[in-house]
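Enquirer: Next comes the sequence, and after it the predicted model I'd like to discuss.
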Amino acid sequence: ACGKIQLNDAWFVFAESMPNDVTDYVNLVVVRCHCEDETPLLNNRTATLVRMSNLPHADSPRTLLNFELRPGTQQAFAAAKDYIGLRYEDKPFLVLTGGVGSGKSHLLEAIGRWLIGEDTLFARYEMVADLLAILRAAVPEGQLEKKVEAYKTYTFLLLDDLGVERLTDFALEQLTIIID
C-alpha cells in the first residue's frame, strides 16, 4: 500500500495537505489506500496523523523514553507502558491522577504519540478547557451537534486536565456525550 489516507472523499498523501481542524467533518471516514504501489509513506501518514491529533510539543515530543521517573511517578509510568502494550480492541479507559508536576500530561502525550506512531490510530489530544471553549463557541453558530459528532469519530480522545476547572452542567453533558 502506498500509505495515502482517504478522508471522506478526498485523498491526502503529505502531512502538509491535511486540514488542521478536522472537527468540521461529520461522519469522518479515514481509509488507508491498498493500491499496488509498494512505496511506503508511513512517515508521511504518521506525520499527518500527528498533525491532525493536536498533540503538543512538536519540537520536543514527550515520549515514554524521555519521561523522568521521580518518586511517586512509577505507578503511572507502569500503567502507561501496560496500556500501550494492549491490543487495540482491549484498550479500556485509562485515567491518570496525581498532583501538579506528577507527569500526567507527559504520559498522556506519550501514549498519544505511541498510538499514532506504532498503531497508526486516529487520536485527538485536547486540553479539556480548550475543548469546552470550542463547544461553547459552536452553540451560537448552531454547530454544537456537528462538533460533538466530530469528536466522537476519533478512535482515541486524549483529554488533559479534566477536573482542573469546575464542570458546568453543559460541560458535563457534552463530555458525557462525547465519551459515552
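Expert: In hand now; what should we look at?
Enquirer: Using CSV, write out every CA atom in the longest helix anywhere in the chain.
Expert: The longest helix of the chain (DSSP state H) is helix 104-117. Only the C-alpha atoms of helix 104-117 are listed here, as CSV (Å, rounded to 0.1, in the frame of the first residue of the first chain):
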residue,chain,number,x,y,z
LYS,A,104,0.2,13.0,33.8
SER,A,105,0.3,15.3,30.7
HIS,A,106,3.7,13.9,29.6
LEU,A,107,2.4,10.3,29.8
LEU,A,108,-0.8,11.2,28.0
GLU,A,109,1.1,12.8,25.2
ALA,A,110,3.5,9.8,25.1
ILE,A,111,0.5,7.4,24.8
GLY,A,112,-1.0,9.5,22.0
ARG,A,113,2.3,9.5,20.1
TRP,A,114,2.6,5.7,20.5
LEU,A,115,-1.0,5.1,19.4
ILE,A,116,-0.4,7.1,16.2
GLY,A,117,3.2,6.2,15.5
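Enquirer: how about that helix: buried residues?
Expert: For helix 104-117, the neighbour count (16 or more other CB atoms under 10 Å) marks 104-117 as buried. To be clear about C-beta, it is placed using only N, CA and C from the backbone, and glycine gets the same treatment.
Enquirer: Could you provide these in JSON lines, with additional columns for distance to residue 59 and pLDDT?
Expert: Converted to JSON lines, these look like this (distance: CB to CB, whole Å; pLDDT from 0 to 100):
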{"residue": "104", "distance to residue 59": "21", "pLDDT": "92"}
{"residue": "105", "distance to residue 59": "16", "pLDDT": "94"}
{"residue": "106", "distance to residue 59": "15", "pLDDT": "94"}
{"residue": "107", "distance to residue 59": "19", "pLDDT": "94"}
{"residue": "108", "distance to residue 59": "18", "pLDDT": "93"}
{"residue": "109", "distance to residue 59": "13", "pLDDT": "93"}
{"residue": "110", "distance to residue 59": "16", "pLDDT": "92"}
{"residue": "111", "distance to residue 59": "19", "pLDDT": "91"}
{"residue": "112", "distance to residue 59": "16", "pLDDT": "90"}
{"residue": "113", "distance to residue 59": "13", "pLDDT": "89"}
{"residue": "114", "distance to residue 59": "19", "pLDDT": "89"}
{"residue": "115", "distance to residue 59": "20", "pLDDT": "86"}
{"residue": "116", "distance to residue 59": "17", "pLDDT": "84"}
{"residue": "117", "distance to residue 59": "16", "pLDDT": "80"}
